[in-house]
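Trainee: Pasting the sequence and the predicted model now:
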Amino acid sequence: MKAYKFRLYPSKKQEQTLFQTFKSCRFVYNQLLEKLNKQEKINRGEIQHNILSLKKQFPELNRVYSKTLQYECYRLFNNLRGLSQLKKNDKKVGRLRFKGEDWFKTINYNQSGFKLNQTGKRYSKLHLSKIGDIDIRCHRITGGKIKQVTIKKTTGKWYAIIITDEVYKKVGGKRQIGIDLGIINFIADNKGNKIKSPLFLKKRLNKIKKAYQNLSKKKRGSNNRYKAKQRLGVLFEKVENQRNDFLNKVSTNLVSDNKIICIEKLGIKQMMSKKRNRFWNRRNFADVSWGKFISMLKFKAESAGTKIIEVNPRNTSKICSNCGKLQNMPLSQRTYFCDCGLELDRDVNSAKNILAQGLGFVKNETESSSMKQEAITST
Ligand SMILES: [Zn+2]
(Lines give C-alpha, C1' and ligand atoms only; values in the text may rest on other atoms or scores of the structure.)
Protein backbone atom coordinates (compact mmCIF):
# COMPACT_ATOMS: atom_id res chain seq x y z
CA MET A 1 0.00 0.00 0.00
CA LYS A 2 1.19 3.46 -0.80
CA ALA A 3 0.10 6.71 0.81
CA TYR A 4 -0.08 10.14 -0.77
CA LYS A 5 -0.58 13.37 1.08
CA PHE A 6 -2.16 16.17 -0.92
CA ARG A 7 -3.33 19.60 0.10
CA LEU A 8 -7.02 20.37 -0.06
CA TYR A 9 -8.56 23.74 -0.75
CA PRO A 10 -12.18 23.58 0.39
CA SER A 11 -14.45 26.56 -0.21
CA LYS A 12 -15.81 28.44 2.81
CA LYS A 13 -19.04 26.48 2.55
CA GLN A 14 -17.29 23.15 2.22
CA GLU A 15 -15.14 24.05 5.19
CA GLN A 16 -18.29 24.60 7.25
CA THR A 17 -19.60 21.19 6.16
CA LEU A 18 -16.29 19.58 7.04
CA PHE A 19 -16.32 21.15 10.50
CA GLN A 20 -19.87 19.95 10.97
CA THR A 21 -18.79 16.46 9.93
CA PHE A 22 -15.93 16.53 12.44
CA LYS A 23 -18.40 17.53 15.11
CA SER A 24 -20.83 14.74 14.23
CA CYS A 25 -18.08 12.13 14.12
CA ARG A 26 -16.71 13.25 17.45
CA PHE A 27 -20.19 13.12 18.90
CA VAL A 28 -20.69 9.57 17.65
CA TYR A 29 -17.28 8.50 18.90
CA ASN A 30 -17.95 9.83 22.38
CA GLN A 31 -21.44 8.33 22.46
CA LEU A 32 -20.09 4.93 21.47
CA LEU A 33 -17.35 5.21 24.08
CA GLU A 34 -19.96 5.92 26.73
CA LYS A 35 -21.89 2.83 25.64
CA LEU A 36 -18.69 0.81 25.69
CA ASN A 37 -17.90 1.94 29.24
CA LYS A 38 -21.32 0.70 30.35
CA GLN A 39 -20.91 -2.73 28.80
CA GLU A 40 -19.92 -5.48 31.17
CA LYS A 41 -18.80 -7.75 28.41
CA ILE A 42 -17.51 -6.03 25.31
CA ASN A 43 -19.78 -6.56 22.33
CA ARG A 44 -18.63 -4.76 19.21
CA GLY A 45 -21.70 -5.61 17.16
CA GLU A 46 -23.93 -4.04 19.75
CA ILE A 47 -21.81 -0.90 19.89
CA GLN A 48 -21.84 -0.55 16.13
CA HIS A 49 -25.59 -1.04 16.09
CA ASN A 50 -25.95 2.04 18.29
CA ILE A 51 -25.07 4.25 15.34
CA LEU A 52 -28.46 3.48 13.81
CA SER A 53 -30.40 4.53 16.88
CA LEU A 54 -28.25 7.63 17.24
CA LYS A 55 -29.13 8.57 13.67
CA LYS A 56 -32.82 8.27 14.47
CA GLN A 57 -32.42 10.29 17.62
CA PHE A 58 -30.24 12.97 15.99
CA PRO A 59 -31.33 13.35 12.35
CA GLU A 60 -28.48 15.80 11.57
CA LEU A 61 -26.14 12.79 11.66
CA ASN A 62 -27.68 11.77 8.34
CA ARG A 63 -25.81 14.63 6.75
CA VAL A 64 -22.62 12.61 7.21
CA TYR A 65 -21.70 9.80 4.84
CA SER A 66 -22.78 6.60 6.61
CA LYS A 67 -19.46 4.80 6.33
CA THR A 68 -17.66 7.81 7.73
CA LEU A 69 -19.80 7.51 10.85
CA GLN A 70 -19.26 3.77 10.97
CA TYR A 71 -15.55 4.38 10.88
CA GLU A 72 -15.83 5.90 14.37
CA CYS A 73 -16.69 2.47 15.73
CA TYR A 74 -13.57 1.12 14.06
CA ARG A 75 -11.54 4.00 15.50
CA LEU A 76 -12.87 3.30 18.96
CA PHE A 77 -11.95 -0.39 18.88
CA ASN A 78 -8.64 0.39 17.30
CA ASN A 79 -7.84 2.72 20.21
CA LEU A 80 -9.01 0.06 22.62
CA ARG A 81 -6.68 -2.46 21.05
CA GLY A 82 -3.80 -0.01 21.34
CA LEU A 83 -4.60 0.41 25.00
CA SER A 84 -4.64 -3.31 25.75
CA GLN A 85 -1.37 -3.65 23.86
CA LEU A 86 0.16 -1.11 26.22
CA LYS A 87 -1.24 -2.98 29.20
CA LYS A 88 0.42 -6.15 27.98
CA ASN A 89 3.72 -4.32 27.87
CA ASP A 90 3.24 -3.32 31.48
CA LYS A 91 2.89 0.35 30.79
CA LYS A 92 0.70 2.30 33.14
CA VAL A 93 -2.49 3.06 31.26
CA GLY A 94 -5.81 4.52 32.14
CA ARG A 95 -8.93 4.07 30.11
CA LEU A 96 -9.99 5.59 26.81
CA ARG A 97 -10.88 9.24 27.05
CA PHE A 98 -13.65 11.21 25.49
CA LYS A 99 -12.36 13.23 22.59
CA GLY A 100 -12.39 16.97 22.91
CA GLU A 101 -12.54 19.34 19.97
CA ASP A 102 -8.79 19.75 19.87
CA TRP A 103 -8.20 16.03 19.61
CA PHE A 104 -10.42 15.38 16.72
CA LYS A 105 -8.81 16.34 13.48
CA THR A 106 -9.49 13.56 11.00
CA ILE A 107 -12.41 11.92 9.26
CA ASN A 108 -12.30 8.86 7.12
CA TYR A 109 -13.72 7.53 3.88
CA ASN A 110 -13.02 3.84 3.56
CA GLN A 111 -13.57 1.90 0.32
CA SER A 112 -16.34 4.14 -0.97
CA GLY A 113 -17.87 7.59 -0.91
CA PHE A 114 -15.03 9.33 -2.73
CA LYS A 115 -13.75 9.89 -6.24
CA LEU A 116 -10.49 11.48 -7.24
CA ASN A 117 -10.49 13.13 -10.64
CA GLN A 118 -6.86 13.86 -11.45
CA THR A 119 -6.53 16.44 -14.19
CA GLY A 120 -2.77 16.84 -14.21
CA LYS A 121 -3.36 20.58 -13.93
CA ARG A 122 -2.75 22.80 -10.92
CA TYR A 123 -5.97 21.74 -9.23
CA SER A 124 -7.78 18.43 -9.42
CA LYS A 125 -11.07 17.54 -7.79
CA LEU A 126 -11.73 15.21 -4.92
CA HIS A 127 -15.36 14.26 -4.63
CA LEU A 128 -16.49 13.36 -1.13
CA SER A 129 -19.98 12.08 -0.64
CA LYS A 130 -22.18 14.52 1.34
CA ILE A 131 -19.47 17.20 1.11
CA GLY A 132 -18.92 17.87 -2.58
CA ASP A 133 -16.11 18.43 -5.08
CA ILE A 134 -13.11 19.88 -3.30
CA ASP A 135 -10.09 21.42 -4.99
CA ILE A 136 -7.02 19.32 -4.42
CA ARG A 137 -3.40 19.73 -5.45
CA CYS A 138 -1.99 16.45 -6.66
CA HIS A 139 1.72 17.02 -7.13
CA ARG A 140 1.98 13.39 -8.17
CA ILE A 141 -0.43 11.17 -10.05
CA THR A 142 -1.51 8.22 -7.96
CA GLY A 143 -1.37 4.68 -9.26
CA GLY A 144 -3.40 1.64 -8.30
CA LYS A 145 -6.85 1.68 -6.81
CA ILE A 146 -7.70 4.10 -4.02
CA LYS A 147 -8.69 2.22 -0.89
CA GLN A 148 -9.07 4.97 1.65
CA VAL A 149 -9.19 8.73 1.98
CA THR A 150 -8.52 10.48 5.26
CA ILE A 151 -9.26 14.18 5.59
CA LYS A 152 -7.02 15.93 8.05
CA LYS A 153 -7.08 19.40 9.49
CA THR A 154 -3.94 20.95 10.86
CA THR A 155 -3.40 24.54 11.87
CA GLY A 156 -4.82 26.46 8.98
CA LYS A 157 -4.47 23.71 6.38
CA TRP A 158 -6.47 20.83 5.03
CA TYR A 159 -4.98 17.61 3.70
CA ALA A 160 -6.20 14.44 2.08
CA ILE A 161 -4.20 11.31 2.79
CA ILE A 162 -4.90 8.90 0.00
CA ILE A 163 -4.05 5.24 0.35
CA THR A 164 -3.83 3.10 -2.76
CA ASP A 165 -3.15 -0.59 -3.28
CA GLU A 166 -0.18 0.32 -5.47
CA VAL A 167 2.89 -1.78 -4.77
CA TYR A 168 6.20 -0.06 -4.13
CA LYS A 169 8.03 -1.09 -7.26
CA LYS A 170 11.31 0.55 -6.47
CA VAL A 171 14.34 -1.69 -6.75
CA GLY A 172 17.38 -1.07 -4.61
CA GLY A 173 20.78 -0.32 -6.15
CA LYS A 174 23.86 -2.50 -6.27
CA ARG A 175 26.41 -0.68 -4.15
CA GLN A 176 27.41 -0.92 -0.52
CA ILE A 177 27.64 2.11 1.69
CA GLY A 178 28.49 3.08 5.25
CA ILE A 179 26.97 6.22 6.68
CA ASP A 180 27.67 8.31 9.72
CA LEU A 181 24.95 10.51 11.16
CA GLY A 182 25.97 13.80 12.66
CA ILE A 183 24.91 17.28 13.61
CA ILE A 184 27.03 19.34 11.24
CA ASN A 185 26.85 16.81 8.43
CA PHE A 186 23.51 15.10 8.58
CA ILE A 187 25.16 12.30 6.65
CA ALA A 188 28.72 11.49 5.66
CA ASP A 189 29.46 8.33 3.71
CA ASN A 190 32.56 6.18 3.30
CA LYS A 191 33.30 7.68 -0.12
CA GLY A 192 33.52 11.19 1.30
CA ASN A 193 30.10 12.45 0.21
CA LYS A 194 28.44 14.68 2.75
CA ILE A 195 24.98 16.11 3.15
CA LYS A 196 24.92 19.10 5.45
CA SER A 197 22.23 19.37 8.08
CA PRO A 198 19.66 21.68 6.55
CA LEU A 199 19.98 25.24 7.77
CA PHE A 200 16.36 26.14 7.28
CA LEU A 201 15.66 24.17 10.41
CA LYS A 202 18.06 26.27 12.43
CA LYS A 203 16.42 29.46 11.24
CA ARG A 204 12.98 28.21 12.14
CA LEU A 205 14.14 26.93 15.49
CA ASN A 206 14.99 30.47 16.51
CA LYS A 207 11.55 31.58 15.43
CA ILE A 208 9.98 28.76 17.41
CA LYS A 209 11.92 29.77 20.50
CA LYS A 210 10.60 33.29 20.15
CA ALA A 211 7.05 32.09 19.54
CA TYR A 212 7.29 30.03 22.72
CA GLN A 213 8.49 32.97 24.76
CA ASN A 214 5.72 35.04 23.26
CA LEU A 215 3.11 32.42 24.18
CA SER A 216 4.28 32.19 27.77
CA LYS A 217 3.72 35.92 28.25
CA LYS A 218 0.08 35.77 27.19
CA LYS A 219 -2.70 35.43 29.71
CA ARG A 220 -4.42 32.08 29.97
CA GLY A 221 -7.69 31.89 28.06
CA SER A 222 -7.10 35.19 26.28
CA ASN A 223 -7.61 35.68 22.58
CA ASN A 224 -3.98 36.73 22.20
CA ARG A 225 -2.87 33.49 23.74
CA TYR A 226 -5.00 31.62 21.25
CA LYS A 227 -3.39 33.54 18.40
CA ALA A 228 0.10 32.91 19.76
CA LYS A 229 -0.70 29.22 19.99
CA GLN A 230 -1.89 29.19 16.39
CA ARG A 231 1.29 30.88 15.25
CA LEU A 232 3.39 28.30 17.04
CA GLY A 233 1.35 25.53 15.44
CA VAL A 234 1.95 26.93 11.97
CA LEU A 235 5.70 27.12 12.60
CA PHE A 236 5.83 23.56 13.86
CA GLU A 237 3.99 22.38 10.83
CA LYS A 238 6.35 24.15 8.45
CA VAL A 239 9.37 22.64 10.16
CA GLU A 240 7.75 19.24 10.14
CA ASN A 241 6.93 19.42 6.42
CA GLN A 242 10.37 20.64 5.42
CA ARG A 243 12.04 18.06 7.57
CA ASN A 244 9.93 15.27 6.11
CA ASP A 245 10.72 16.38 2.56
CA PHE A 246 14.39 16.42 3.34
CA LEU A 247 14.41 13.02 5.05
CA ASN A 248 12.31 11.50 2.29
CA LYS A 249 14.68 12.62 -0.42
CA VAL A 250 17.82 11.48 1.37
CA SER A 251 16.42 8.07 2.28
CA THR A 252 14.97 7.43 -1.19
CA ASN A 253 18.31 8.21 -2.85
CA LEU A 254 20.22 5.96 -0.50
CA VAL A 255 17.91 3.03 -1.10
CA SER A 256 17.84 3.41 -4.86
CA ASP A 257 21.67 3.47 -5.01
CA ASN A 258 22.56 0.70 -2.61
CA LYS A 259 22.12 -2.97 -1.91
CA ILE A 260 23.63 -2.80 1.56
CA ILE A 261 23.50 0.22 3.86
CA CYS A 262 25.49 0.13 7.08
CA ILE A 263 24.45 2.58 9.71
CA GLU A 264 25.11 3.12 13.39
CA LYS A 265 22.59 1.79 15.83
CA LEU A 266 20.85 4.73 17.44
CA GLY A 267 20.29 5.18 21.11
CA ILE A 268 23.80 4.76 22.40
CA LYS A 269 25.14 7.90 20.82
CA GLN A 270 22.33 10.05 22.15
CA MET A 271 22.87 8.89 25.70
CA MET A 272 26.40 10.17 25.52
CA SER A 273 25.17 13.65 24.73
CA LYS A 274 25.11 15.74 27.89
CA LYS A 275 23.07 18.62 26.63
CA ARG A 276 20.13 16.61 25.48
CA ASN A 277 17.78 17.93 28.14
CA ARG A 278 17.66 21.37 26.66
CA PHE A 279 14.64 20.90 24.53
CA TRP A 280 15.27 23.24 21.68
CA ASN A 281 18.90 22.76 20.92
CA ARG A 282 20.07 21.47 17.60
CA ARG A 283 21.24 18.23 19.12
CA ASN A 284 17.80 17.27 20.27
CA PHE A 285 16.39 18.22 16.95
CA ALA A 286 18.90 15.98 15.25
CA ASP A 287 17.95 13.11 17.54
CA VAL A 288 14.36 13.28 16.44
CA SER A 289 15.34 13.50 12.77
CA TRP A 290 17.69 10.54 12.99
CA GLY A 291 15.02 8.31 14.44
CA LYS A 292 12.57 9.31 11.78
CA PHE A 293 15.19 9.00 9.08
CA ILE A 294 16.10 5.46 10.07
CA SER A 295 12.52 4.32 10.16
CA MET A 296 11.94 5.82 6.69
CA LEU A 297 15.10 4.14 5.46
CA LYS A 298 14.06 0.77 6.86
CA PHE A 299 10.61 1.05 5.39
CA LYS A 300 11.86 1.89 1.90
CA ALA A 301 14.68 -0.63 2.07
CA GLU A 302 12.33 -3.44 2.88
CA SER A 303 10.20 -2.99 -0.18
CA ALA A 304 13.26 -2.46 -2.41
CA GLY A 305 15.19 -5.46 -1.11
CA THR A 306 18.01 -3.34 0.30
CA LYS A 307 19.62 -4.58 3.45
CA ILE A 308 20.12 -2.23 6.42
CA ILE A 309 22.77 -3.27 8.88
CA GLU A 310 22.93 -1.47 12.19
CA VAL A 311 26.30 -1.55 13.88
CA ASN A 312 27.41 -0.60 17.37
CA PRO A 313 28.76 2.97 17.08
CA ARG A 314 31.28 2.39 19.87
CA ASN A 315 34.68 3.68 18.79
CA THR A 316 33.68 4.16 15.18
CA SER A 317 34.97 7.71 15.34
CA LYS A 318 38.14 6.72 17.23
CA ILE A 319 39.45 3.88 15.08
CA CYS A 320 41.73 4.64 12.14
CA SER A 321 39.92 3.25 9.12
CA ASN A 322 43.27 2.59 7.46
CA CYS A 323 45.37 0.81 10.09
CA GLY A 324 42.91 0.06 12.88
CA LYS A 325 44.75 1.99 15.61
CA LEU A 326 42.64 3.61 18.31
CA GLN A 327 42.95 7.23 19.41
CA ASN A 328 40.90 9.79 21.28
CA MET A 329 38.85 12.07 19.07
CA PRO A 330 37.34 15.06 20.90
CA LEU A 331 34.26 16.39 19.10
CA SER A 332 36.05 19.59 18.14
CA GLN A 333 38.59 17.68 16.11
CA ARG A 334 37.16 17.55 12.61
CA THR A 335 40.00 15.71 10.89
CA TYR A 336 41.43 12.32 11.72
CA PHE A 337 45.24 12.23 11.55
CA CYS A 338 47.08 8.96 12.05
CA ASP A 339 50.75 7.90 12.20
CA CYS A 340 50.08 5.58 9.28
CA GLY A 341 49.61 8.65 7.10
CA LEU A 342 45.84 8.81 7.07
CA GLU A 343 44.33 12.26 7.00
CA LEU A 344 40.57 12.17 6.67
CA ASP A 345 37.41 14.01 7.65
CA ARG A 346 36.33 12.54 10.99
CA ASP A 347 32.80 11.72 9.81
CA VAL A 348 34.06 10.02 6.66
CA ASN A 349 36.50 8.00 8.77
CA SER A 350 33.56 6.92 10.96
CA ALA A 351 31.52 5.99 7.91
CA LYS A 352 34.36 3.78 6.66
CA ASN A 353 34.51 2.01 10.02
CA ILE A 354 30.76 1.58 10.07
CA LEU A 355 30.85 0.02 6.61
CA ALA A 356 33.70 -2.33 7.54
CA GLN A 357 31.95 -3.42 10.71
CA GLY A 358 28.65 -3.92 8.91
CA LEU A 359 30.16 -5.91 6.07
CA GLY A 360 32.06 -8.07 8.57
CA PHE A 361 28.74 -8.78 10.12
CA VAL A 362 27.27 -9.84 6.77
CA LYS A 363 30.27 -12.09 6.12
CA ASN A 364 29.92 -13.80 9.50
CA GLU A 365 26.25 -14.24 8.94
CA THR A 366 26.66 -15.94 5.56
CA GLU A 367 29.54 -18.05 6.84
CA SER A 368 27.59 -19.32 9.79
CA SER A 369 24.58 -20.08 7.65
CA SER A 370 26.71 -22.01 5.15
CA MET A 371 28.27 -23.85 8.07
CA LYS A 372 24.82 -24.76 9.26
CA GLN A 373 24.11 -25.96 5.76
CA GLU A 374 27.17 -28.19 5.87
CA ALA A 375 26.18 -29.57 9.23
CA ILE A 376 22.78 -30.45 7.89
CA THR A 377 24.09 -32.13 4.74
CA SER A 378 26.74 -34.10 6.62
CA THR A 379 24.30 -35.67 9.05
ZN1 LIG B 1 46.19 4.64 10.87
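Mentor: That came in fine, so what should we check first? Source: prediction; values computed, not measured.
Trainee: what ranges do the strands span in the stretch 201-350 of the chain?
Mentor: Taking DSSP state E, counting those that start in this stretch as the test, the strands found in the stretch 201-350 of the chain are 258-264, 307-311, 335-337, 343-345.
Trainee: could you give the angle of the first one to strand 307-311?
Mentor: What it means is strand 258-264. Strand 258-264 and strand 307-311 are oriented at 20 degrees to each other (axes from the mean of the first three to the mean of the last three C-alpha atoms, to 10 degrees).
Trainee: Adjacent strands (with direction) for strand 258-264?
Mentor: As defined by DSSP bridges, the strand partners of strand 258-264 come to strand 175-181 (parallel), strand 307-311 (parallel).
Trainee: Quick check: which of the ones you listed is nearest to the ion?
Mentor: Each of the strands paired with strand 258-264 was scored for nearness to the ion using C-beta to the ion, and the closest is strand 175-181 (17.2 Å). Where you see a C-beta, it was placed from the backbone N, CA and C, and this is true even at glycine.
Trainee: For that closest one, what does the pLDDT average out to?
Mentor: For strand 175-181, the per-residue pLDDT values average out at 94.
Trainee: Quick check: buried residues in it?
Mentor: 176, 177, 178, 179, 180, 181 (16 or more other C-beta atoms under 10 Å).
Trainee: Let me have the residues you listed in a markdown table, extended by distance to residue 350.
Mentor: Written out in a markdown table, the entries for the buried residues of strand 175-181 read as follows (distance: C-beta to C-beta, whole Å):
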| residue | distance to residue 350 |
| --- | --- |
| 176 | 16 |
| 177 | 13 |
| 178 | 8 |
| 179 | 9 |
| 180 | 4 |
| 181 | 9 |
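Trainee: Next, give me the two most distant ones among these.
Mentor: Spatial extent of the buried residues of strand 175-181 (C-beta to C-beta) is set by the pair 176 and 181 at 17.5 Å.
Trainee: Residue 184 - how many residues pack around it?
Mentor: Applying other C-beta atoms under 10 Å, we find 14 other residues in the vicinity of residue 184.
Trainee: With adjacent residues omitted, what lies nearest to it?
Mentor: In this structure, residue 184 finds its nearest non-sequential neighbour in residue 197, 6.4 Å apart by C-beta to C-beta, 6 or more residues apart in numbering.
Trainee: can you check residue 294 too?
Mentor: Of all residues not flanking residue 294 in the chain, residue 266 sits nearest, at 6.2 Å (C-beta to C-beta, 6+ apart).
Trainee: Can you name the residues of the chain that neighbour the ion?
Mentor: Residues of the chain lying close to the ion by C-beta under 5 Å from the ion are 320, 322, 323, 325, 338, 340, 342.
Trainee: could you dump the residues you listed to CSV with distance to residue 83 and pLDDT?
Mentor: Below are the residues of the chain next to the ion laid out as CSV (distance: C-beta to C-beta, whole Å; pLDDT from 0 to 100):
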residue, distance to residue 83, pLDDT
320, 51, 96
322, 54, 94
323, 55, 95
325, 53, 94
338, 54, 95
340, 57, 95
342, 54, 94
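Trainee: tally of neighbours for the closest residue to the ion within the stretch 51-200 of the chain?
Mentor: Checking the stretch 51-200 of the chain residue by residue against the ion with C-beta to the ion singles out residue 190 as nearest, at 15.6 Å. For residue 190, the number of neighbouring residues by other C-beta under 10 Å comes to 21.
Trainee: That one touches residue 347, doesn't it?
Mentor: No - applying C-beta atoms under 8 Å as the test, residue 190 and residue 347 come out as separate, 10.1 Å apart.
Trainee: Give the residues shared as contacts by these two.
Mentor: Shared contacts of residue 190 and residue 347, defined by C-beta atoms under 8 Å, 6 or more residues apart in numbering, are not found at any residue.
Trainee: Show me where this structure dips below the pLDDT cut-off.
Mentor: Judged against pLDDT under 70, the low-scoring parts of the chain cover residues 89-93, 167-170, 199-201, 267-288, 362-379.
Trainee: middle-most residue in it, spatially?
Mentor: Centroid-nearest residue in the chain, with C-alpha atoms, centre = their mean: residue 292, separated by 6.1 Å.
Trainee: Cross-check the contact I'm expecting between that residue and residue 246.
Mentor: No - using C-beta under 8 Å, residue 292 makes no contact with residue 246, being 10.3 Å away.
Trainee: residue contacts, residue 162?
Mentor: In this structure, residue 162 makes contact with 3, 4, 5, 6, 116, 142, 146, 148, 149, judged by C-beta under 8 Å, 6+ apart.
Trainee: and the third one, that one's in a strand?
Mentor: What it means is residue 5. Yes - looking at residue 5 with DSSP: H, G, I helix; E, B strand; the rest coil, it is inside a strand.
Trainee: Secondary structure element for the nearest residue to residue 347 once chain neighbours are set aside, which one?
Mentor: With C-beta to C-beta, 6+ apart as the measure, residue 188 is the residue that lies nearest to residue 347, at 3.5 Å, once sequence neighbours are left out. Counting by DSSP states H and E, the secondary-structure element that holds residue 188 is strand 185-189.
Trainee: Could you list the paired strands of that strand along with their orientation?
Mentor: Using DSSP bridges, the strands paired with strand 185-189 are strand 175-181 (antiparallel), strand 194-196 (antiparallel).
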